[in-house]
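A.B. asks: With the input below, show me the fold.
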Amino acid sequence: MTHAFTYEVPIGPDVYARIKEGLGPEPPKGLIAHLAYRTDNGLRYVDVWQSQSDWETFVEERLHPVVDGILTETLGFRPPEPSMERLDIIDAWIGT
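C.D. replies: Numbers count the residues shown, from 1 in each chain. Got it, this is the predicted structure:
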């Protein structure tokens, strides 16, 4: 079942670029789409995954190890997880 959500984080494009670089070029298994855009308070992400399990595996194995170090270095502490708003996706049409 598709797993989609949005959440906002209090970081800028510079920190986002460091996180993305730390994750490496290989797209995560199960990722359908990831969008990141500016807001007044930082960045907002919109993610669509093939399953919640794929998302959770990515978070534990790749995302947290990278984010924890960068955010602790940048902010001086590890902030709590952002609250997610689940999205009820009807369709995801992705170009090639």
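A.B. asks: Which is the succeeding secondary structure element to the helix or strand of the chain with the lowest mean pLDDT?
C.D. replies: Ranking every helix and strand in the chain by mean pLDDT, DSSP states H and E puts helix 64-75 at the bottom, with a mean of 91. Remark: after helix 64-75, the chain's next helix or strand is strand 85-86, criterion DSSP states H and E.
A.B. asks: List of residues touching that next one?
C.D. replies: 4-7 (C-beta atoms under 8 Å, 6 or more residues apart in numbering). (C-beta placed from N, C-alpha, C; glycine too.)
A.B. asks: Give the full set of residues in contact with the residue nearest the centre of the chain.
C.D. replies: Nearest residue to the geometric centre of the chain (C-alpha atoms, centre = their mean): Y45, 6.1 Å. Shown in contact with Y45 (C-beta under 8 Å, 6+ apart): 6-9, 34-36.
A.B. asks: Mind telling me what element it is part of?
C.D. replies: Assigned by DSSP H and E, Y45 belongs to strand 42-49.
A.B. asks: Which positions in that strand come out as buried?
C.D. replies: 43-45, 47-49 (16 or more other C-beta atoms under 10 Å).
A.B. asks: circling back: would you mind pulling up the elements that the least confident helix or strand of the chain packs against?
C.D. replies: helix 13-23 (3 or more C-beta pairs under 8 Å, 6 or more residues apart in numbering; DSSP states H and E).
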